[in-house]
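Undergrad: show me the folded form of this:
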Amino acid sequence: MNTIHEVVDKAGKTLKEKYNNCIPTSEIKKKIIEIGGYAKGSILPSDYCYNRINKAPYSCRKPSLELIDNDGIYYKYWGLKAQYTGQINWKPKNGELKQVGEWKNGTQILKEDPRNIKLIKGLKKMKPTLLERILSCRPDKPLYHYTTMDGLLGIVGDKEMRATHTQYLSDHKEYSHALSLVADEITKRKESESDDEIIVLLGDMLKGINGIESMNVCVCSFSEERDSLSQWRAYGDSAAGFAIGFRGDFLYNVMQRNDCYLVPCVYDKPEQVDLIKALVDKVLEENIDRQKRGIKDAVLPSGGNLVAYLHRYAPILKDSSFKEEREWRVITRPLMCSHERFNFRPGNSMLIPFYRLPLVGEQGEMEIHEIVVGPTPHTMQSLNSVRSFLWSKKIKKVEINNSKVPYRDW
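TA: Sure thing, here's the model as predicted:
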């Protein structure tokens, strides 16, 4: 599977000749969506340019393009690891374009000029916003995926797991909870706003929410708890449950490679409200700025990037009654039905869309930290059969332990 950097590179390479290396924004976006199977509005080509730096950490970007118009209208293709030479510019909100560094033959250099030193320090130490802080969380302990016997066989055997479409989860109310919070926040702002233009923008954002349920965003769950009574009850499958544990750093790196988010769930209602307010602020600011500059983007849906951003946060807003689960969720980017890893399985009353999420590192290995065998009347036999199964798959040095929870379902 190609990473987002490889997809952007391939899109630029494909369009280079057709547009004489002066590629319109709308065309590069369409091609990225076509090649990567991403949803509209989920990719910003300017994030992958040699000569621009945004709020996101620049070091984690692998550029292949050059922005050749200050308003972001055209792109030039250079390719990954090009011997690029030129300025690195940053444009603060409502401010002038500033040079903050340069590239020399493919080497990035931040500019410690007296006129820019304050700006450079600000970029290096920029306090992350609430939205950025949540998405940048990294687990510092193993995370466990609770599953059935069939799930264990499939995950270990195929080195992948199924991430289910958000609209087909067992509790559909999880997603609608976040949408309700967003709709309430936008409605309150409309009612208190006096500027007619902003009222129209807020109205567009409210309408835009209606399209989110058609987006193919898939999730799967992990827990910080390795031996949880509530999890065994939910996923134990009558004395045939397992908790597969992965090191936090391994999971984080795997999700980075697959352009997925690994994010802790938010259970506290005030924190959820703060997050939604920050999200609405961000999108409204972008829409106001786009309107002032007279930019009309045919690729963006009604309401701007609200739906594209919301898919990252809606799946992690959960009711406080589930707090003891201490859940983390893997969230995919919006996917097209034609994506090579987008598939379907039979449900009780309908087909269930899901994403086949790879669970391997750079060398193709799946690093399992521990497997906890759930409550069962056959503790030693179950433990031994799991050990034999792992050996048959050439997976060694894995801790295998029995659950200590006093739970009987047989």
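Undergrad: contacting residues for Asn287?
TA: Leu201, Asp204, Met205, Gly303, Gly304 (CB atoms under 8 Å, 6 or more residues apart in numbering). Backbone N, C-alpha and C define where each C-beta goes, glycine included.
Undergrad: report the central residue of the chain.
TA: Residue closest to the mean C-alpha point of the chain, counted by CA atoms, centre = their mean, is Tyr261 at 3.1 Å.
Undergrad: for that one, which non-adjacent residue is closest in space?
TA: The shortest distance from Tyr261 to any non-neighbouring residue, by CB to CB, 6 or more residues apart in numbering, is to Ile331 (4.4 Å).
Undergrad: name whatever forms a beta bridge with the one you found.
TA: Bridge pairing for Ile331 (DSSP bridges) gives the partners Val219, Tyr261.
Undergrad: isn't it up against Asp259?
TA: No - here Ile331 does not reach Asp259: they are 10.5 Å apart, not a contact under CB atoms under 8 Å.
Undergrad: who has more neighbours, the two?
TA: Comparing Ile331 with Asp259 by other CB atoms under 10 Å, the one with more neighbours is Ile331, at 22 against 18.
Undergrad: so in the protein, where's the weakest helix or strand by average pLDDT?
TA: Least confident helix or strand of the chain, by mean pLDDT, DSSP states H and E, is helix 117-125 with a mean of 45.
Undergrad: following the chain past it, name the next helix or strand.
TA: Proceeding N to C from helix 117-125, the next assigned helix or strand is helix 130-135, under DSSP states H and E.
Undergrad: what sits against Arg326?
TA: Counting by CB under 8 Å, 6+ apart, Arg326 touches Ser223, Glu224, Glu225, Pro264.
Undergrad: wait, Gly86
TA: Neighbouring residues of Gly86 by CB under 8 Å, 6+ apart: Tyr50, Asn51, Glu66, Glu102, Trp103.
Undergrad: got those residues as JSON lines, with pLDDT and secondary structure columns?
TA: Listed next are the contacts of Gly86 as JSON lines, based on pLDDT from 0 to 100; DSSP: H, G, I helix; E, B strand; the rest coil:
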{"residue": "Tyr50", "pLDDT": "89", "secondary structure": "coil"}
{"residue": "Asn51", "pLDDT": "88", "secondary structure": "coil"}
{"residue": "Glu66", "pLDDT": "90", "secondary structure": "strand"}
{"residue": "Glu102", "pLDDT": "85", "secondary structure": "strand"}
{"residue": "Trp103", "pLDDT": "87", "secondary structure": "strand"}
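Undergrad: which one of those is nearest Ala239?
TA: Tyr50 (57.4 Å; CB to CB).
Undergrad: against Glu271, how distant is that closest one?
TA: Applying CB to CB, to the nearest Å, the value for Tyr50 to Glu271 is 37 Å.
Undergrad: more crowded one of these two?
TA: Legend: neighbour count by other CB under 10 Å for Tyr50 and Glu271, higher for Tyr50 (23 against 13).
Undergrad: list the contacts for the more buried one?
TA: Pro63, Leu65, Glu66, Trp78, Ala82, Tyr84, Gly86, Ile88, Trp103.
Undergrad: low pLDDT regions in the stretch 1-150 of the chain?
TA: The stretch 1-150 of the chain contains residues with pLDDT under 70 at 1-2, 41-42, 54-61, 69-72, 92-95, 110-128.
Undergrad: where exactly do the helices run in it?
TA: Along the stretch 1-150 of the chain, the stretches classed as helices by DSSP state H, counting those that start in this stretch are 4-16, 25-36, 117-125, 130-135, 149-158.
Undergrad: export those helices to JSON lines and tack on distance to Asp281?
TA: Converted to JSON lines, the helices of the stretch 1-150 of the chain look like this (distance: least, CB to CB, whole Å):
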{"stretch": "helix 4-16", "distance to Asp281": "26"}
{"stretch": "helix 25-36", "distance to Asp281": "24"}
{"stretch": "helix 117-125", "distance to Asp281": "20"}
{"stretch": "helix 130-135", "distance to Asp281": "9"}
{"stretch": "helix 149-158", "distance to Asp281": "39"}
